[in-house]
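Novice: sequence unavailable; structure follows:
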Ligand code: 3HC
């Protein structure tokens, strides 16, 4: 429910910044939604553009790893399912760029910032998809991590972002199920297929844990983001939820997660896990991951090679606007 806009009597004289800030603070404290037409602190707006743009960029770049397997999918059914998933990611990017535009951002400008390295996208998409089993593991582990991270965002304080997440999360659950079903099928196959699945799990498990961001004591944005109700849980809290969800799923699948320290803590009922390689994480988000250069250059080519489409559509719209 969005905050009641200021009563007319209250707006007879334009309220001063202190009154506007007090109204914003009361909206957040009452866990009500902030909407595009509402006054908001510039830092709140800029912080939302930062996170929503990164999220949107992640969805669009995230089309590449699985998109590489569209022509090599082993059956028409697998190709159709993978195509539907990759197309969904494009749609998620569009919802999120639209949410960013309600904050005054421009999607072409955001894309330029991504390509110039001035905005980030999720670290996870900088790893290669070496075999077809990677498509199943991305669905199971990466989209599973995205679900853990995105469900709380359905309650984000900024209306357009929260509403975009509701549609995204419904589609993410299809993404995770199709990946898990693909892996189940392979695990019932040959020894070679089982080995292919285990190899993919070994390569994607630790980068999936990194998706949730740095540890809480090294997360400069979390405290303010949670105070504003943009983020509802800390990076470590969501990472722990994800581990607790994934361990039984791995057991049911018959794969081993590549962490010898993984163990159920009988006191807490949560799984303890090993140390994450944060040096690797910092390298990847600084642009030095295995696929960063390839992912960004393909995004640049998509922007430049298709610029004529945008120009033609814009010219048509301008011509018919009058
Ligand atoms: N990849 C790249 N950069 C990351 C990162 C990651 N996995 N985790 C953190 N960072 C960056 C942050 O952007 C921040 O840099 P910045 O200030 O320049 O933006 C820095 O590392 C410090 O991290 P913080 O924890 O302080 O940053 P946040 O509070 O923004 O938390 C986040 C990071 C948890 C990723 C948060 O931004 C978030 O929840 N974003 C929205 C969800 C999202 O982006 N999900 C992942 C991709 S979508 C996806 O998976 C698609 C699915 O269909 C497969």
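Specialist: That came in fine, so what should we check first? Everything quoted here is computed from the prediction, not taken from an experiment.
Novice: just the element for residue 243, please.
Specialist: Using DSSP states H and E, residue 243 sits within helix 235-253.
Novice: check which element follows that helix along the chain.
Specialist: strand 263-265.
Novice: quick check, distance from stretch 272-280 to the centre of its chain.
Specialist: 21 Å (CA atoms, centre = their mean, to the nearest Å).
Novice: and that stretch, end to end?
Specialist: 21 Å (CA to CA, to the nearest Å).
Novice: what residues of that stretch count as buried?
Specialist: 273, 276 (16 or more other CB atoms under 10 Å). All C-beta atoms are positioned from the backbone trio N, CA, C, and that covers glycine.
Novice: now stretch 129-137
Specialist: Across stretch 129-137, burial judged by 16+ other CB under 10 Å covers 129, 131, 132, 133, 134, 135, 136, 137.
Novice: for the stretch 151-300 of the chain, list the residues in contact with the ligand, please.
Specialist: Contacts of the stretch 151-300 of the chain with the ligand, taken as CB under 6 Å from any ligand atom, map to 172, 210-214, 219-222, 225, 231, 235, 285.
Novice: ok, back up a step: so which elements touch the helix holding residue 243?
Specialist: Counting contacts by 3 or more CB pairs under 8 Å, 6 or more residues apart in numbering; DSSP states H and E, helix 235-253 is packed against helix 143-150, helix 159-187, helix 191-210, strand 270-272.
Novice: in that helix, what's buried?
Specialist: 235-236, 238-244, 246-247, 249-250, 253.
Novice: what angle separates that helix from helix 159-187?
Specialist: Calculated by axes from the mean of the first three to the mean of the last three CA atoms, to 10 degrees, helix 235-253 forms an angle of 30 degrees with helix 159-187.
Novice: what pLDDT, on average, does helix 235-253 get?
Specialist: Averaging pLDDT along helix 235-253 yields 98.
Novice: now do that helix against helix 191-210, angle only.
Specialist: Going by the same axes, to 10 degrees, helix 235-253 makes 170 degrees with helix 191-210.
Novice: can you give the contact residues for helix 235-253?
Specialist: Applying CB atoms under 8 Å, 6 or more residues apart in numbering, the contact partners of helix 235-253 are 140-141, 144-145, 148-149, 152, 180, 183-184, 187, 197, 201, 208-209, 212-216, 219, 222, 233, 256-257, 262, 264, 270-271, 273.
Novice: do stretch 156-175 as well
Specialist: The contact list for stretch 156-175, computed with CB under 8 Å, 6+ apart, reads 2, 27-28, 31-36, 48, 52, 84-85, 88, 91-92, 95-96, 98-99, 102, 139, 143, 146-147, 150-151, 153-155, 228-232.
Novice: pLDDT (mean, whole number) over it?
Specialist: 96.
Novice: ok, stretch 90-108 next?
Specialist: Mean predicted lDDT for stretch 90-108 stands at 97.
Novice: with stretch 272-292 instead?
Specialist: Here the average pLDDT along stretch 272-292 is 97.
Novice: quick one: distance of it to the chain centre.
Specialist: 17 Å.
Novice: same check on stretch 163-182?
Specialist: Chain-centre distance of stretch 163-182: 12 Å, with CA atoms, centre = their mean.
Novice: go through it and flag the buried ones.
Specialist: 164, 165, 168, 169, 171, 172, 175, 176, 178, 179, 180, 182.
Novice: wouldn't residue 209 be in contact with residue 277 here?
Specialist: No. If you go by CB atoms under 8 Å, residue 209 and residue 277 don't touch, sitting 9.8 Å apart.
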